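S.K.: need the 3D shape of this:
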Amino acid sequence: MDEKPEPPCKTGSQCITKCMECAEPTPVAVVSGYYGGKCVVLPTDPARIFNSGTAFYTHPPKRKPLTDEEVQMVPKEKDMGVAEVKDAMSRLDKELDVYRNEVLEEVAVVIEQFKGSFGQDTVMSFAALVRGMKR
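M.R.: Predicted structure coming up:
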């Protein structure tokens with residue numbers, strides 16, 4: 001049986017760097033064929049989405065390892081409790097509601113300007129429905 005050597009980990013950035021060196025390389029995508037003269041690349045993980053122009057490397061590009069101080073600054077899941085996460089999400093929802101309401105108003109204005117086969121009462125009802133979706 002082919003055993004993996006014990007990782008030469010220490011602490012902080014050295015541990016992260018060494019563990020990455022010890023990790024088995026795994027493919028992130030495969031070429032599935034050609035379509036319209038172009039190579040079709042599919043991710044091996046169906047939940048992963050690659051943007052057009054994503055670069056794939058045979059080896060990851062060289063990066064400067066994190067310092068121990070930078071490693072300490074990486075947020076840890078256990079640092080935030082459920083209450084803090086809910087509070088952050090609530091603040092974000094309120095911030096996004098402003099944009100949502102602006103978009104809904106734009107849609108309502110466009111509906112009001114619609115000159116089609118619907119009567120004016122119907123058009124105004126659609127606009128009122130859209131405005132009623134504001135938060």
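S.K.: quick one, strands of the chain?
M.R.: Counting by DSSP state E, residue ranges of the strands within the chain are 29-35, 38-43.
S.K.: most tightly packed of these?
M.R.: Neighbour counts (mean count of other Cβ atoms under 10 Å) averaged over each of the strands of the chain peak at strand 38-43, with a mean of 12. Every residue, glycine included, has its C-beta placed from N, CA and C.
S.K.: quick one, which of the strands of the chain is nearest to residue 120?
M.R.: strand 29-35 (48.9 Å; Cβ to Cβ).
S.K.: picking up where we left off before, save the strands of the chain as TSV, and put in mean pLDDT and distance to residue 96 too.
M.R.: Below are the strands of the chain laid out as TSV (pLDDT from 0 to 100; distance: least, Cβ to Cβ, whole Å):
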stretch	mean pLDDT	distance to residue 96
strand 29-35	84	32
strand 38-43	84	29
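S.K.: so where is the protein shaky, pLDDT-wise?
M.R.: Applying pLDDT under 70 to the chain picks out residues 1-25, 58, 60-61, 75-80.
S.K.: now the strands of the chain in JSON lines, with distance to residue 115?
M.R.: Formatted as JSON lines, the strands of the chain follow (distance: least, Cβ to Cβ, whole Å):
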{"stretch": "strand 29-35", "distance to residue 115": "43"}
{"stretch": "strand 38-43", "distance to residue 115": "43"}
